[in-house]
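Peer 1: One predicted model, sequence on top.
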Amino acid sequence: MDSPVQWASCGEAWIGLIRHVWISGVPADDDRGPVIEGPPVLVEITRPRPADPIVERYGDAAKLALYTRKFTEDTIVEPFKYSYGARIKGQLTWAAELLRARPYSKSGWISLTTPGEPYDSVPCLTGLAFRARDDRLLMTATFRSQNAFTSYLNYLPLADVQAEMARNLGLDQGPMRVFVDVPHLYLADAGAALRVMRPTLPRLL
C-alpha cells in the first residue's frame, strides 16, 4: 500500500483534499445534488492542532463552533441527525483502559455506527483507532464519505478528541491519519472551493 499523503496541519489537509477531488474526481449523484467524487485517500496530519491559521483565514468560525458542539455534546444538535459526542464519549474510557493495560495493543478501535439504524442517520465518520507508539498517541479516523469543502470542520474537533486522549494517557499527541473512502465536492460549492484553494496553491505544491 502506498504511504499516506502527509500534511503538516488540519488546514493543509483540508486544502489538499479539495485539490485531490478537483484533480482526480468524476461526476456523480447525491441526494443533495450533483457532486464530483474522488478516489479513496489516506492522509496523515503530522501536527493536528485546534489553532490553525489556514482555517482561521478561510474557514467559517460559526460552522466550526456548530461542528464542535456535534463532537462534544451528547444530544443531537440541529441541523444534524446524530451526535458524534454521544457516539464517541462513552467509548473513550474503554479505549484508554485498554491502552493502559496493553500499551502495545492494536485493538483500540471504536465504532460510531449502529447496525440497522435509519439510512439517513448513518454517520460519515464510522470509526476511530488509537495506538500508543514511542510515547505518542496516534489516531486514525475512518470516513465512509466526506465533503472535501467542509472537511476541516471534522478535522479540528477530532484533533481535540486525540489531544484529550493523549492527556488522559500521559502521552504526547502524535500524527492523525484520516482515511476517506468517498471524498467529494458538491458542484454548488465549486466556486467557493476554488476561492479557498487558489490562494493556497503555491505553499501546497
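Peer 2: Now that the structure is in, tell me what you want to look at.

Peer 1: what about the helices in this structure?
Peer 2: Along the chain, counting by DSSP state H, helices occupy 10-24, 53-58, 61-72, 84-101, 152-169, 190-204.

Peer 1: can you redo those helices as JSON lines with mean pLDDT and distance to Thr114?
Peer 2: Bear in mind the C-beta positions are built from the backbone N, C-alpha and C, glycine included. Shown next, in JSON lines, are the helices of the chain (pLDDT from 0 to 100; distance: least, Cβ to Cβ, whole Å):
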{"stretch": "helix 10-24", "mean pLDDT": "96", "distance to Thr114": "27"}
{"stretch": "helix 53-58", "mean pLDDT": "94", "distance to Thr114": "31"}
{"stretch": "helix 61-72", "mean pLDDT": "97", "distance to Thr114": "17"}
{"stretch": "helix 84-101", "mean pLDDT": "95", "distance to Thr114": "8"}
{"stretch": "helix 152-169", "mean pLDDT": "97", "distance to Thr114": "19"}
{"stretch": "helix 190-204", "mean pLDDT": "76", "distance to Thr114": "32"}
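
Peer 1: mind checking which of those is nearest Glu44?
Peer 2: Among the helices of the chain, the nearest to Glu44 by Cβ to Cβ is helix 10-24 (8.5 Å).

Peer 1: between the closest one and helix 152-169, what angle do the directions make?
Peer 2: If you take axes from the mean of the first three to the mean of the last three Cα atoms, to 10 degrees, helix 10-24 sits at 140 degrees to helix 152-169.

Peer 1: Mind listing what's buried along helix 10-24?
Peer 2: The neighbour-count check on helix 10-24 (16 or more other Cβ atoms under 10 Å) flags 10-22 as buried.

Peer 1: What of stretch 102-120?
Peer 2: Gly108, Trp109, Ile110, Leu112.

Peer 1: Could you list the residues in contact with that stretch?
Peer 2: With contact meaning Cβ atoms under 8 Å, 6 or more residues apart in numbering, stretch 102-120 is reached by 81, 84, 87-88, 91-92, 94-95, 98-99, 122-123, 125-132.

Peer 1: Please repeat the previous calculation with a cut-off of 10 Å.
Peer 2: Applying Cβ atoms under 10 Å, 6 or more residues apart in numbering, the external contacts of stretch 102-120 come out as 31, 81-82, 84, 86-88, 90-92, 94-99, 121-133, 135, 137-142, 144, 165, 169, 171.

Peer 1: hang on, the earlier thing: save the buried residues of helix 10-24 as CSV, and put in distance to Ile76 too.
Peer 2: Converted to CSV, the buried residues of helix 10-24 look like this (distance: Cβ to Cβ, whole Å):
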residue, distance to Ile76
Cys10, 25
Gly11, 28
Glu12, 31
Ala13, 27
Trp14, 25
Ile15, 30
Gly16, 31
Leu17, 26
Ile18, 28
Arg19, 33
His20, 31
Val21, 28
Trp22, 32
